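Asks: Only the shape, not the letters, is given here:
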């Protein structure tokens, strides 16, 4: 045995490693496998989260239409993201993921970003990495209709004060004033200067990473499956203690599909439409208190159990925490 194994390992420089040398993926949902909000979305501009952890950013009135796709998924993948970009003069849009300094220990390290991209439109899409001050871009896809590995690293941006400003990585559209369809899959962010082959996560780990930022409960077959039960505070109001599992990145925001999608039930299972939902977090990222008001007196006794169920299959309740 070598007398100093650590010293021996340190002699293997990153620039000498092959892309197949596996390193941990720092991204959540890098394979575009998790779609908690749905599997297709209307065209959108900047500042929208649709695919878990991937946000549209940019400027102008151009749009990006996103949907889950299995027919065009890359190797080591079940799903990919179908992205249709519609260019409008002066617009540029990115589909990016933010890497926060509070969640990653990357100060002064070189990182590499790779993503598998398929398109038949040349010079439509390219990878980018933002260090908090400027975007650094890689080469455009050639438009040959096959999957290509697009790559960019942070080596030209060193040193990086990552403890101060978040990074972003992703793909950008619009630089050459063209529109078109792109398939995105198997994104990888890893420490080191060389491209890295995609390493898929265990599905449970992948979902847990996404649920750190979004936890959605949906109606399935007319039932809304919720892991908690409440109690009546009054004849027209109920409290539901909620624990976020896993703990969320920051104190989350609550949204619901529509009040008419949801029923509040009393101990006799008599249902009424809720009047409102109010989330009481008190700054916590681990638990909160959901206050639900009933539209009227449904005959419940103060202090007795209260439930929540779906009035139809459109019902959903979600907590979202985007640092």
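Replies: Now that the structure is in, tell me what you want to look at. Quantities reported herein were computed from a predicted structural model and do not represent experimental measurements.
Asks: per-residue confidence at residue 197?
Replies: If you check residue 197, the pLDDT there is 88.
Asks: what's the answer for residue 152, then?
Replies: Confidence per residue is given as pLDDT, and for residue 152 that number is 92.
Asks: Tell me the secondary structure at it.
Replies: Three states are possible here, and by DSSP: H, G, I helix; E, B strand; the rest coil the one that applies to residue 152 is strand.
Asks: Assess the claim that it and residue 130 are in contact.
Replies: No - shown here, residue 152 and residue 130 do not form a contact pair, counting by C-beta atoms under 8 Å, at 10.2 Å. For every residue, glycine as well, the C-beta is placed using N, CA and C.
Asks: Residues that sit against both of those two, list them.
Replies: Taking C-beta atoms under 8 Å, 6 or more residues apart in numbering as the criterion, residue 152 and residue 130 both touch 136, 169.
Asks: longest helix of the chain?
Replies: Counting residues, the longest helix in the chain under DSSP state H turns out to be helix 203-211.
Asks: What mean pLDDT does that helix get?
Replies: Regarding helix 203-211, the rounded mean pLDDT is 96.
Asks: Pull out the buried residues from that helix.
Replies: 206-207, 209-211 (16 or more other C-beta atoms under 10 Å).
Asks: next one: stretch 122-137
Replies: For stretch 122-137, the neighbour count (16+ other C-beta under 10 Å) marks 123-131, 136 as buried.
Asks: For the residues you listed, point out the one with the lowest pLDDT.
Replies: Lowest model confidence among these falls on residue 131, which carries 76.
Asks: Isn't that residue up against residue 153?
Replies: No - judged on C-beta under 8 Å, residue 131 makes no contact with residue 153 at a distance of 11.2 Å.
Asks: any idea which residue sits dead centre in this structure?
Replies: Closest residue to the average C-alpha location of the chain: residue 53 at 1.5 Å, with C-alpha atoms, centre = their mean.
Asks: Quick one: residues contacting it.
Replies: When the contact criterion is C-beta under 8 Å, 6+ apart, the partners of residue 53 are 27-29, 97, 209-210, 213-214.
Asks: cool, residue 248 as well?
Replies: When contacts are taken as C-beta under 8 Å, 6+ apart, residue 248 is in contact with 212-213, 215, 285-286, 319, 321.
Asks: what's the answer for residue 153, then?
Replies: 110-113, 129, 192-194.
Asks: how close does it sit to residue 109?
Replies: The spacing between residue 153 and residue 109, counted by C-beta to C-beta, to the nearest Å, is 11 Å.
Asks: Give the buried residues for stretch 37-50.
Replies: Within stretch 37-50, the residues scored as buried using 16+ other C-beta under 10 Å are 37, 41, 45-46, 48, 50.
Asks: Mind checking which of those are in helices?
Replies: Assigned to helices by DSSP H, none of the buried residues of stretch 37-50 qualify.
Asks: Reformat these as TSV; add pLDDT and distance to residue 83.
Replies: TSV is the format used below for the buried residues of stretch 37-50 (pLDDT from 0 to 100; distance: C-beta to C-beta, whole Å):
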residue	pLDDT	distance to residue 83
37	95	16
41	97	10
45	94	14
46	94	14
48	93	13
50	97	10
